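Trainee: Below are the sequence and a predicted model; questions follow.
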Amino acid sequence: MIGVLIVDDDFMVAKVHSGFVTALDGFEVVGTASTGAQALAEVGRLQPDLVLLDVYLPDMTGLEMLRRLRTAGSPVDVIVISAARDVESIRSAFHGGVLHYLVKPFDRATFEARLRDYAALRDDLSELGEAGQVDVDRVFGLARSRAERPAPPPKGIAAETLHLVRETLAAAGPDGLSATECSERTGLARVSARRYLEQLVAQQEADVRQKYGTAGRPERRFTPRGRARNDRNVR
């Protein structure tokens, strides 16, 4: 389990973030703090793996707390979660070795994606013995050149919603999902769910097939690319 300390002076915000973290497999909230001084003490006492750090705290900024952590030699990982958008705050966070800077407000899918990225990074590092350049590039997110990176989604397709549909499809059984089932599981309208599923097909991340039943029109079933079901009723 990845232990997370949440640092935010707003009780309700900390509670919401705690709920998000608790709902993710492999993560647990080990504590919360509402001031920089309390956070410093809790890092020492609880030894969390990850700190979710707000910039605006009542006694010191989160960035000052970050500087004190690094001066003390703390190796704890930090993700800043703040409404602070000024370049100096972002630069200070970068110099303090934060792994990501998440600007408020954001949606739950974005929050969860950042934490899953962090978990994947930890897994990558734990599996490495001696790293080659390819391994280092992967860890630092530099494995693909700009020309090789996927193009941004087309107009009308939100990246966060596309990520939600992608994960919902990945979690489906071997028979995949219909647009109706995707709609029920994501809360999207059926027409929107179908549009996002078709976008995954266009990006070659999913396959679509017609499933013929005993009566009525055939049903379009979507599966992640490479997970096509070997079934006589799927053509």
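Mentor: Perfect, thanks for sending it.
Trainee: so where does the residue minimising distance to the centre of the chain fall, helix or strand?
Mentor: The centroid of the chain falls nearest to residue 113 when counting by CA atoms, centre = their mean (0.8 Å). Taking DSSP states H and E as the criterion, residue 113 maps to helix 108-127.
Trainee: same for that helix, what does it pack against?
Mentor: If you count contacts as 3 or more CB pairs under 8 Å, 6 or more residues apart in numbering; DSSP states H and E, helix 108-127 packs onto strand 2-7, helix 11-22, strand 77-82, strand 100-103, helix 133-139, helix 159-170. All C-beta spots, glycine's among them, are computed from the backbone N, C-alpha and C.
Trainee: What's the mean pLDDT across stretch 97-117?
Mentor: On average, the pLDDT along stretch 97-117 is 87.
Trainee: Domain-wise, how is this structure divided?
Mentor: Following automatic domain parsing, the chain resolves into domains at 2-124, 159-224.
Trainee: Tabulate those (JSON lines), appending distance to residue 130.
Mentor: Formatted as JSON lines, the domains of the chain follow (distance: least, CB to CB, whole Å):
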{"stretch": "domain 2-124", "distance to residue 130": "14"}
{"stretch": "domain 159-224", "distance to residue 130": "32"}
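Trainee: Of those domains, which shows the lowest average pLDDT?
Mentor: domain 159-224 (a mean of 86).
Trainee: tell me how far that one is from the chain's mean position?
Mentor: 21 Å (CA atoms, centre = their mean, to the nearest Å).
Trainee: Next: stretch 41-60.
Mentor: The chain centre lies 21 Å from the centre of stretch 41-60; the measure is CA atoms, centre = their mean.
Trainee: Likewise for stretch 58-74?
Mentor: Centroid separation for stretch 58-74 versus its chain: 25 Å, with CA atoms, centre = their mean.
Trainee: still on that earlier bit, now the residue nearest to the centre of the chain: how far from residue 167?
Mentor: Remark: distance between residue 113 and residue 167 (CB to CB, to the nearest Å) = 9 Å.
Trainee: before we move on, what about residue 132?
Mentor: Residue 132 is 30 Å from residue 167, by CB to CB.
Trainee: Comparing the two, which residue is more hemmed in?
Mentor: More crowded of residue 132 and residue 167, by other CB atoms under 10 Å: residue 167, with 15 against 9.
Trainee: follow-up on the earlier one: I'd like the helices and strands packed on helix 108-127 written out as CSV, with distance to residue 189 added.
Mentor: Formatted as CSV, the helices and strands packed on helix 108-127 follow (distance: least, CB to CB, whole Å):
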stretch, distance to residue 189
strand 2-7, 33
helix 11-22, 24
strand 77-82, 30
strand 100-103, 27
helix 133-139, 37
helix 159-170, 11
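Trainee: how about the ones you listed, which one is nearest residue 41?
Mentor: Of all the helices and strands packed on helix 108-127, strand 2-7 sits nearest to residue 41, with 10.7 Å by CB to CB.
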